[in-house]
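**Student:** just coords:
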């Protein structure tokens, strides 16, 4: 422990002794009730310390999120919906994706296309895609800059879905740039 930490601990012990001493003096006529209240506060204090210590585990269970392992490796836990989700920066805007190895292309919803600076109304919906909901029209686009963790890619081909779509899909035109894609123990790891 450093000198500063020892001084802080000393201060906290003295402060606790002063507060505890004053509580004992004030409640000396009713020591049983005071002991009960002290036990309740001690349990609350222990509970807060336990929750603080487990906060990272709890928050990862409630709201799983991606993490950067190093400049070339990204990991993402399986989401509560059973899918893997990644947030990429596209042309300077954060876009949430569902990782879809069954999608041959990166597919943007019209809302996400507008967020990254594309006007869905002016795009040329000249392509078709077979989806679980049938055939939809698609507009080919090029994503100028795509950033995931410490990795930046340029000129990534993608399509904008002409139909209704809840989430954008991170397909193989992007995933294929990685040397290794591994899914194990409820975790997706992308590595270049």
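**Tutor:** Received it, and whenever you're ready, just let me know what you need. Quantities reported herein were computed from a predicted structural model and do not represent experimental measurements.
**Student:** Quick one: mean pLDDT for stretch 117-130?
**Tutor:** Stretch 117-130 carries an average pLDDT of 93.
**Student:** Show me what counts as buried in it.
**Tutor:** Neighbour counts over stretch 117-130 (16 or more other Cβ atoms under 10 Å) mark 118, 120, 123, 125, 129 as buried. Every C-beta, even on glycine, is put in place using the N, C-alpha and C of the backbone.
**Student:** Go through the helices and strands of the chain and name the one with the lowest mean pLDDT.
**Tutor:** Within the chain, no helix or strand scores below helix 31-62, which has a mean of 76 by mean pLDDT, DSSP states H and E.
**Student:** quick one: that one to chain centroid distance?
**Tutor:** Remark: helix 31-62 is offset 27 Å from the chain centroid, using Cα atoms, centre = their mean, to the nearest Å.
**Student:** Give me the helices and strands touching that helix, please.
**Tutor:** Counting contacts by 3 or more Cβ pairs under 8 Å, 6 or more residues apart in numbering; DSSP states H and E, helix 31-62 is packed against helix 3-26.
**Student:** What angle do helix 31-62 and the helix it packs on make with each other?
**Tutor:** For helix 3-26 and helix 31-62, the angle between their directions (axes from the mean of the first three to the mean of the last three Cα atoms, to 10 degrees) works out to 140 degrees.
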